[in-house]
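**Q** fold the following, please.
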Amino acid sequence: MRRELITRICIILSLVSAALLMPASCGNGGESVFLVKPKVYKAAPAADTLSSTRIIQGDTLILSVDDVMFFNDMFIIQSLETSTSVFNLFDLNGRMVSHFGNIGRAENEFSEGASLYGQYDSRHIYVNDVNAAAIKFIDIPASAEQGRCIVTGKIPTTERVINAVVLDDSSLVYEQMSTDNFRLNIRPANEPDPTMQIDLYIPSDDPFGTYRSFMRVNPSKRIVALAMNRMNQINFISLDNGKRASSSLYEPPVLPDERQMRYYCNITASRNYVYALYMNQTYDDSFEVEKPMEIHVFDWSGRHIRTYATREYIWRISVSPDDRTLIACDMDNSVLKYSISLSPQSKGLNE
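**A** Presented below is the predicted three-dimensional model:
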């Protein structure tokens with residue numbers, strides 16, 4: 001069931017992107033693509049195995065868990081089942097506080113392409129609705145109190161946008177698929193044209209199948225992190241000076257081949273660190289054959305800091321702002337909590 005849902009979401013994303021493909025001009029050229037001299041940590045330190053607390057048992061919920069994110073001292077479960085609320089608010093002990101949001105076409109509704117990117121302020125979470133081509137701002141306290149989704153604003157994106165994040169009060173950054181590549185764009189929130197465009201990779205006949213990534217952005221450092229699904233690599237790029245860094249654990253990255261591997265399957269981040277969830281399975285085994293998982297932790301300069309291991313087969317994660325707690329969901333719709341310990345560091349590509 002879970003494999004079918006994940007496949008359906010991927011098909012929705014790829015079909016929406018493919019249906020709207022149009023020629024795009026070249027960006028920075030081959031000399032600056034990722035895939036050039038990544039830092040390979042072949043002898044990475046042994047993983048620290050985390051102990052979990054199961055705060056929600058999957059069979060107690062009448063919903064599927066499609067994503068999870070922290071919100072202040074609570075967390076939100078996203079469910080894209082049409083029969084349940086899209087957003088479900090819980091305290092850190094797993095008690096439901098409220099639920100709201102529906103699948104639909106109204107301004108306060110969402111498509112099956114809605115994605116959480118871990119972005120929030122004291123009142124709002126920011127949701128990238130891929131199929132609606134917009135980032136929507138949801139007032140969580142008001143929504144929780146009224147029991148219905150309160151959308152207080154939105155920023156239009158554009159076609160073929162896979163990842164999109166609000167960079168600051170007046171701009172956003174998004175990853176857009178072209179006919180043969182992925183392009184990183186910075187754009188004013190109230191204008192249609194980007195002020196900066198950066199082609200990320202070597203051109204490919206199948207950019208979605210080759211370069212699909214999970215993205216997080218550090219707005220204060222103005223750095224983007226991209227954990228690649230089909231390649232053993234995580235990429236970092238400065239939005240100020242264009243400086244790039246790439247890191248790989250255990251073996252150098254190679255272009256996808258007939259093995260059809262899945263490497264990173266999710267990403268989360270704090271202002272100090274990036275946490276990339278490492279699946280490292282063949283396409284046939286992924287989301288089907290359970291195994292312990294690894295979480296690779298990097299600072300914002302792309303340096304590997306630590307590896308955590310989980311005994312559970314998890315596929316979505318979110319980290320608390322203080323880098324002390326991880327929330328994760330497994331394939332049985334259960335939610336787990338892990339205690340971690342990392343001392344904050346401030347290194348970034350711009351420092």
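**Q** now the strands for the stretch 251-351 of the chain?
**A** 261-269, 273-282, 293-299, 304-310, 314-319, 325-330, 335-339 (DSSP state E, counting those that start in this stretch).
**Q** Asp67: which of those strands is closest?
**A** strand 314-319 (5.4 Å; CB to CB). Just so you know, the C-beta spots here come from the backbone N, C-alpha and C atoms, and that holds for glycine as well.
**Q** any idea how far the closest one is from the chain center?
**A** In this view, strand 314-319 has its centroid 10 Å away from the chain centroid, taken as CA atoms, centre = their mean, to the nearest Å.
**Q** surely Arg303 touches Ser247?
**A** Yes - counting by CB atoms under 8 Å, Arg303 does reach Ser247; the two are 7.4 Å apart.
**Q** of the two, who's got more company?
**A** Neighbours were counted for Arg303 and for Ser247 using other CB atoms under 10 Å; Ser247 has more, 23 against 15.
**Q** which SS state does the more buried one fall under?
**A** strand (DSSP: H, G, I helix; E, B strand; the rest coil).
**Q** show me what contacts it?
**A** Pro38, Lys39, Val40, Tyr41, Gln233, Ile234, Phe236, Phe298, Gly302, Arg303, His304 (CB atoms under 8 Å, 6 or more residues apart in numbering).
**Q** roughly how far apart are the last one and Val97?
**A** To tie it back to what came earlier, the one meant is His304. 37 Å (CB to CB, to the nearest Å).
**Q** please apply the same query to the first one.
**A** According to CB to CB, Pro38 stands 43 Å off from Val97.
**Q** do the third one as well
**A** Taking CB to CB as the measure, Val40 falls 44 Å from Val97.
**Q** so which of those two has more stuff around it?
**A** The neighbour count for Val40 versus Val97, taken as other CB under 10 Å, is higher for Val40 (18 against 13).
**Q** do you know how far that one is from Glu175?
**A** 24 Å.
**Q** quick check, central residue of the protein?
**A** Residue closest to the average C-alpha location in the chain (CA atoms, centre = their mean): Phe214, at 4.2 Å.
**Q** flag the shaky bits of the stretch 251-351 of the chain, pLDDT-wise.
**A** 259, 343-348, 350-351 (pLDDT under 70).
**Q** now the element after the worst-scoring helix or strand of the chain on mean pLDDT, going C-ward?
**A** Every helix and strand of the chain was ranked by mean pLDDT, DSSP states H and E. The lowest is helix 2-19, at a mean of 44. Next in sequence after helix 2-19, counting helices and strands by DSSP states H and E, comes strand 39-41.
**Q** and that next one, what does it pack against?
**A** Strand 39-41 sits against strand 244-249, with contacts defined as 3 or more CB pairs under 8 Å, 6 or more residues apart in numbering; DSSP states H and E.
**Q** now the angle from the strand it packs on to strand 293-299?
**A** Taking axes from the mean of the first three to the mean of the last three CA atoms, to 10 degrees, one finds that strand 244-249 is oriented at 150 degrees with respect to strand 293-299.
**Q** which parts of strand 244-249 are buried?
**A** Arg244, Ala245, Ser246, Ser247, Ser248, Leu249 (16 or more other CB atoms under 10 Å).
**Q** look up how far Asp180 lies from the third one.
**A** Going back to what we said before, that points to Ser246. Distance from Ser246 to Asp180, by CB to CB: 20 Å.
**Q** tell me the buried residues in stretch 250-260?
**A** Pro253, Pro256.
**Q** for that stretch, measure first residue to last.
**A** 18 Å (CA to CA, to the nearest Å).
**Q** run through who's touching that stretch.
**A** Here stretch 250-260 has contacts from 35, 38, 40-42, 44, 204, 209-210, 228, 230-233, 246, 282-284, using CB under 8 Å, 6+ apart.
**Q** could you turn the buried ones of these into a PyMOL selection?
**A** The PyMOL command for the buried members of the contacts of stretch 250-260 (criterion: 16+ other CB under 10 Å) is given here:
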select buried, resi 35+38+40+41+204+210+228+230+231+232+233+246
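**Q** surely Ser98 is within a strand?
**A** Yes - with three-state DSSP as the criterion, Ser98 is part of a strand.
**Q** who's it bridged to?
**A** Leu89 (DSSP bridges).
**Q** and it, how many neighbours does it have?
**A** Considering only other CB under 10 Å, Ser98 is surrounded by 18 other residues.
**Q** mind putting the buried residues of strand 244-249 in a markdown table, distance to Asn131 and pLDDT included?
**A** A markdown table is the format used below for those (distance: CB to CB, whole Å; pLDDT from 0 to 100):
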| residue | distance to Asn131 | pLDDT |
| --- | --- | --- |
| Arg244 | 30 | 93 |
| Ala245 | 32 | 94 |
| Ser246 | 31 | 95 |
| Ser247 | 32 | 95 |
| Ser248 | 33 | 95 |
| Leu249 | 34 | 96 |
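**Q** got these as CSV, with distance to Tyr117 columns?
**A** Below are the buried residues of strand 244-249 laid out as CSV (distance: CB to CB, whole Å):
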residue, distance to Tyr117
Arg244, 21
Ala245, 21
Ser246, 21
Ser247, 21
Ser248, 24
Leu249, 24
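**Q** quick revisit: confidence score at the residue nearest to the centre of the chain?
**A** What the model reports as pLDDT for Phe214 is 96.
**Q** same deal with Leu184?
**A** pLDDT, read off for Leu184, is 95.
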